[in-house]
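Peer 1: Please find the sequence and the predicted model below.
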Amino acid sequence: MTILSTVDLEITERLVANRREFFRSSALKLGALASAPLVLAMASQEAFGQDLPQGIVDVLTYALTLEHIEDAFYRSGLEANGLIPDEYVGIFNQIGKHEAAHVAFLTTALGSAAIERPALDLTAGGKYADALTNFDTYLTLSQTFEDLGVAAYKGQAGNLIENDDILQAALQIHSVEARHAAIVRKIGGKKSWDGAFDEPMTKEEVLAAAGPFLA
Amino acid sequence: MTKDLTRRHVLKWSGAAAGIAVAGAVLPNFGISAALAADLGEGDVGVLNYAYALEQLEAAFYTMVIASPYEGITEEETSWLTDIRDHEVEHRDFLKEALGEGAIPDLEVDFSAVDFTSRESVLATAQTFEDLGVAAYNGAGKLIENADYLLAAGKIVSVEARHAAAIRDLVNPSSVAFAGDDVVDENGLDGAKEPADVLAAADPFIKTEVTAMSLV
């Protein structure tokens, strides 16, 4: 599903025609016309990824890598027979739906610069050998990925400060990851939070944690 | 000083009001005393005051919830809502300290629309505040110039999102409500609201006249 599939075709065509002008207008004006995602989708239509500063491409590529891991993790979990108890299938479906949407969204935003899904090892080299057979392990990993995602996006906000539309979209993903983390923690019998403030993580810290899941 | 006070009379907080005020027009207030008025200010101070106003609202709300628990509240609910109250108080105090002398005064709140004896009423209000808080921070990030402030806002907003999810799960247990299709769109994006829209939504709960003359 592409982002543009949700948008009225006629409006899309009209906006695409005025893309350059459109993208320059103020956030307030944009709010009246279209959401930031639409702007992003439109902007990426003609290889906007090539126009993005390398710094932003790097952040989005990093985000896309994490989203690919999450997307694959939930797809695999939902396909593994008997792994997820019936009462939680709906919740994990919802989470998986969002991660798939994040992959699609970032892929569109990056245009020709978007990476394919990397090769993954959800057992992290055997450390979590029962990742897809033991729900407790699966839940632990789910919480890890979600909390990691929250910390990762938070750590990159400053690097997106010059691009209002991309910053806002990243923040909108960031809080969805936090909602996911909250429910997964609750299913695991924990509080949904760890204090009043969520701390960021650097790219290096996040990749050190996520690295074992990249094959 | 007199001029300042007059300018603070400027109308309720809405995008339209902000636009008019920026243009320099001084409009009559609506019978609310100047002592109870506050303008959020400009730039990053304005954004932080905006967040501070919302955190004041949330902190006041959960303080009431814990002080006068609704009928049939469970031990678990008390524990979770107490945590949330403590978080909101920490957010409020953190922003107040960050703002220093630039902080707006304490706001007077109006929870007359909330039935604090009713679980349904309290949790529905909590859900409104949490979702609104998330959308407010998400929409305000782009207005922040200083990366440290942006990070500080980021450290708060994800906790608000955790609250939102937890409250939503109390209202609709074990459902997809925690991140329902009513708040997360088809691109997997959470809400983002402009200050004018957030302030209009918060307005019924705040007695103090708050203007956002520069925050559009």
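Peer 2: Thanks, I have the structure now. Numbers count the residues shown, from 1 in each chain, chains lettered A, B, ... in the order given.

Peer 1: quick one, phi/psi of residue B:97?
Peer 2: Phi and psi for residue B:97, reported as degrees, to the nearest 10, are phi -70, psi -40.

Peer 1: neighbours of it, just the number please.
Peer 2: Neighbourhood size, residue B:97 [other C-beta atoms under 10 Å in any protein chain shown]: 9. In this view, the C-beta of every residue, glycine as well, is placed from N, C-alpha and C.

Peer 1: Give me the three-state assignment for the spatially most central residue of chain B.
Peer 2: Computing the C-alpha centroid of chain B and ranking residues by C-alpha atoms, centre = their mean puts residue B:54 first, at 2.1 Å. Secondary structure assignment for residue B:54 (DSSP: H, G, I helix; E, B strand; the rest coil): helix.

Peer 1: and the one helix or strand residue A:154 maps to, anywhere near chain B?
Peer 2: According to DSSP states H and E, residue A:154 maps onto helix A:135-156. Yes - using C-beta under 8 Å from any C-beta of the partner chain, helix A:135-156 comes into contact with chain B via A:150, A:153-154.

Peer 1: continuing past that helix, what's the next helix or strand?
Peer 2: helix A:164-187.

Peer 1: does chain B sit close to the helix or strand following that next one?
Peer 2: Going down the chain from helix A:164-187, the next helix or strand is helix A:203-210, by DSSP H and E. No - using C-beta under 8 Å from any C-beta, helix A:203-210 never reaches chain B; the gap is at least 14.4 Å.

Peer 1: Format the CA atom coordinates belonging to helix A:203-210 as PDB.
Peer 2: Provided in PDB are the C-alpha atoms of helix A:203-210 (Å, rounded to 0.1, in the frame of the first residue of the first chain):
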ATOM      1  CA  LYS A 203      22.800   5.700  16.800                       C
ATOM      2  CA  GLU A 204      25.800   3.800  18.000                       C
ATOM      3  CA  GLU A 205      24.100   2.600  21.100                       C
ATOM      4  CA  VAL A 206      21.000   1.600  19.200                       C
ATOM      5  CA  LEU A 207      22.900  -0.300  16.500                       C
ATOM      6  CA  ALA A 208      25.000  -2.100  19.100                       C
ATOM      7  CA  ALA A 209      21.700  -3.300  20.600                       C
ATOM      8  CA  ALA A 210      20.000  -4.100  17.200                       C
END
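
Peer 1: which residues make contact with that helix from outside it?
Peer 2: By C-beta atoms under 8 Å, 6 or more residues apart in numbering or on different chains, the surrounding residues in contact with helix A:203-210 are A:62, A:65-66, A:69, A:144-145, A:148, A:151-152, A:155-156, A:201.

Peer 1: Buried ones in that helix, by neighbour count?
Peer 2: Using 16 or more other C-beta atoms under 10 Å in any protein chain shown as the test for burial, helix A:203-210 gives A:206, A:209-210.

Peer 1: same deal with stretch B:201-211?
Peer 2: Those would be B:201-202, B:205-206, B:208-211, for stretch B:201-211 by 16+ other C-beta under 10 Å.

Peer 1: quick revisit: show me what the helix holding residue A:154 is packed up against.
Peer 2: Here helix A:135-156 touches helix A:54-79, helix A:86-110, helix A:164-187, helix A:203-210, helix B:147-171, going by 3 or more C-beta pairs under 8 Å, 6 or more residues apart in numbering or on different chains; DSSP states H and E.

Peer 1: From the contact counts, what lies against the third one?
Peer 2: Here helix A:164-187 is seen to pack against helix A:27-33, helix A:36-44, helix A:54-79, helix A:86-110, helix A:135-156, helix B:119-140, helix B:147-171 when contacts are counted using 3+ C-beta pairs under 8 Å, 6+ apart.

Peer 1: Format the ones you listed as TSV; extra columns: mean pLDDT.
Peer 2: Formatted as TSV, the helices and strands packed on helix A:164-187 follow (pLDDT from 0 to 100):
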stretch	mean pLDDT
helix A:27-33	33
helix A:36-44	49
helix A:54-79	97
helix A:86-110	98
helix A:135-156	98
helix B:119-140	98
helix B:147-171	98
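
Peer 1: now the ones you listed in a markdown table, with distance to residue B:100 and mean neighbour count?
Peer 2: Below are the helices and strands packed on helix A:164-187 laid out as a markdown table (distance: least, C-beta to C-beta, whole Å; neighbours: other C-beta atoms under 10 Å in any protein chain shown):
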| stretch | distance to residue B:100 | mean neighbour count |
| --- | --- | --- |
| helix A:27-33 | 28 | 14 |
| helix A:36-44 | 32 | 24 |
| helix A:54-79 | 32 | 20 |
| helix A:86-110 | 38 | 21 |
| helix A:135-156 | 25 | 22 |
| helix B:119-140 | 20 | 22 |
| helix B:147-171 | 13 | 24 |
